[in-house]
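Asker: Here you go, sequence then predicted model.
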Protein chains: 2
Amino acid sequence: MTSKVQGCVLCEGPGGRLVFEGAKLRVIHAEEAGFPAFYRVVWREHAPEFSDLDAADRALCMEAVTVVEQCLREHLKPAKINLAALGNMVAHLHWHVIARFPNDSHFPGSVWAPVQRERDAALEADIAAHLPAVEAAMIERLGNRSF
Amino acid sequence: MTSKVQGCVLCEGPGGRLVFEGAKLRVIHAEEAGFPAFYRVVWREHAPEFSDLDAADRALCMEAVTVVEQCLREHLKPAKINLAALGNMVAHLHWHVIARFPNDSHFPGSVWAPVQRERDAALEADIAAHLPAVEAAMIERLGNRSF
């Protein structure tokens, strides 16, 4: 788990708009239509599975996920946070951290499930307006520790 | 986070076939059509979000998830493990831990995504035949620590 894997998009690029970069992991904002508050915690080294990390790194990784979750909760008051590490398509450890709302296009289904209703432009604009504050909080809290 | 919430299916029942029960969490086998190796780590107390747990409990919870993942990997050699804590429908912390295979009905999509192909009865039977050994390993390893 030390070198880049050729052809892995998360080894070769950030994978989205970079919000925070630490020695072991980074946080990116994902561009996923209908879900403006969709972030990913990406482990820097190429590790396909969570259990490929040792216990200290697993704890560190989940503490970063927790910071992202807390910032989303505090600033956006979502109905639910969704966390997932799937990696079926990109087998490089990354945690999806997604703020969900009752009137988003897929709620209460997962973001990967069939659409439930039309997108709500006003909801999405309201969330987007809060993202600078969300991300300032992430950067401050993540920067206070060694991630 | 101390008492049961009336109407919460994970406060009022195990939520599936019980594999392991500890003081803080339990592991159940889920009955999800097409995915015989689908387990859940369910936090005992009613906590909607992962960040409702304190740091020690978060680490403990993820170590249980890791044990379940490791047992699935070692016995089933899946293409990928999928981890998720969504809770949009049942907002009581539970982690899905799912072994995925290239010829399962939804791969490489998530289990919540549209179906990709017909179910493979031979694959499912082969996985099911290994579950007693998978679960014996889970019980042994989870029982060696205080979960």
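Answerer: In hand now; what should we look at? Here the structure is a predicted model, which is why all the values come from computation and not from measurement.
Asker: what's the spacing between residue A:139 and chain B?
Answerer: Counting by C-beta to the nearest C-beta, to the nearest Å, the gap from residue A:139 to chain B is 18 Å. In short, each C-beta sits where N, CA and C put it, glycine included.
Asker: Remind me which helix or strand the residue nearest the centre of chain A belongs to.
Answerer: In chain A, the residue lying closest to the centroid (C-alpha atoms, centre = their mean) is residue A:40, at 2.1 Å. Element membership for residue A:40 (DSSP states H and E) is strand A:38-43.
Asker: which other residues reach that strand?
Answerer: A:10, A:14-16, A:19, A:24-30, A:32, A:53, A:57, A:61, A:64-65, A:68, A:72, A:92-99, A:111, A:138 (C-beta atoms under 8 Å, 6 or more residues apart in numbering or on different chains).
Asker: Restricted to helices, list these.
Answerer: Using DSSP state H, A:10, A:57, A:61, A:64, A:65, A:68, A:72, A:138 are the members of these that sit in helices.
Asker: got any ranges where chain A has weak pLDDT?
Answerer: Counting by pLDDT under 70, chain A has low-confidence residues at A:1-2.
Asker: how near is residue A:74 to chain B?
Answerer: As judged by C-beta to the nearest C-beta, residue A:74 and chain B stand 10 Å apart.
Asker: cool, residue A:3 as well?
Answerer: 21 Å.
Asker: That residue falls within a strand, correct?
Answerer: No. The assignment for residue A:3 (DSSP: H, G, I helix; E, B strand; the rest coil) gives coil, which keeps it out of a strand.
Asker: just checking, residue A:68 touches residue A:97?
Answerer: Yes. The pair residue A:68 and residue A:97 passes the contact test of C-beta atoms under 8 Å, sitting 4.5 Å apart.
Asker: Looking at those two, which one has more neighbours?
Answerer: Summary of the neighbour comparison: residue A:68 and residue A:97, criterion other C-beta atoms under 10 Å in any protein chain shown, with residue A:68 having more neighbours (29 against 25).
Asker: what's across from residue A:94 in the sheet?
Answerer: Beta bridges link residue A:94 to residue A:42 when assigned by DSSP bridges.
Asker: quick one, what contacts it?
Answerer: Taking C-beta under 8 Å, 6+ apart as the definition of contact, the neighbours of residue A:94 are A:10, A:15, A:40, A:41, A:42, A:43, A:85, A:87.
Asker: What residues does the last one make contact with?
Answerer: So that's residue A:87. Residues near residue A:87 by C-beta under 8 Å, 6+ apart: A:48, A:49, A:93, A:94, B:80, B:82.
Asker: Helix, strand, or coil at residue A:118?
Answerer: In three-state terms, and counting by three-state DSSP, residue A:118 is coil.
Asker: wouldn't it be in contact with residue A:105 here?
Answerer: Yes. The pair residue A:118 / residue A:105 is scored as a contact, 6.8 Å apart, by C-beta under 8 Å.
Asker: Tell me how far residue A:64 lies from residue B:51.
Answerer: 12 Å (C-beta to C-beta, to the nearest Å).
Asker: same check, this time on residue A:6
Answerer: 36 Å.
Asker: Which residues are in contact with residue A:128?
Answerer: The contact partners of residue A:128, taken as C-beta under 8 Å, 6+ apart, are residue A:36.
Asker: wait, residue A:111
Answerer: Residues in contact with residue A:111, defined by C-beta under 8 Å, 6+ apart, are A:32, A:34, A:35, A:38, A:82, A:96, A:98, A:100.
Asker: contacting residues around whichever strand or helix holds the fifth one?
Answerer: With elements taken from DSSP H and E, the one containing residue A:82 is strand A:80-85. Surrounding strand A:80-85, the residues in contact under the criterion C-beta under 8 Å, 6+ apart are A:50, A:65, A:69, A:72-73, A:93-100, A:107-108, A:110-111, B:48-51, B:82-88, B:91, B:110.
Asker: How about the residues of chain A by chain B?
Answerer: Contact residues of chain A with respect to chain B, defined by C-beta under 8 Å from any C-beta of the partner chain, are listed as A:48-51, A:55, A:58-59, A:62-63, A:65-66, A:69-70, A:73, A:79-89, A:91, A:100, A:107-110, A:112-114.
Asker: circling back to that earlier point, list the pairing partners of the strand holding residue A:82 within its sheet, with orientation.
Answerer: Here strand A:80-85 is paired, per DSSP bridges, with strand A:94-100 (antiparallel), strand B:80-85 (antiparallel).
Asker: could you check the angle strand B:38-43 makes with the shortest one?
Answerer: Angular relation of strand B:80-85 and strand B:38-43 on a 0 to 180 degree scale: 30 degrees, by axes from the mean of the first three to the mean of the last three C-alpha atoms, to 10 degrees.
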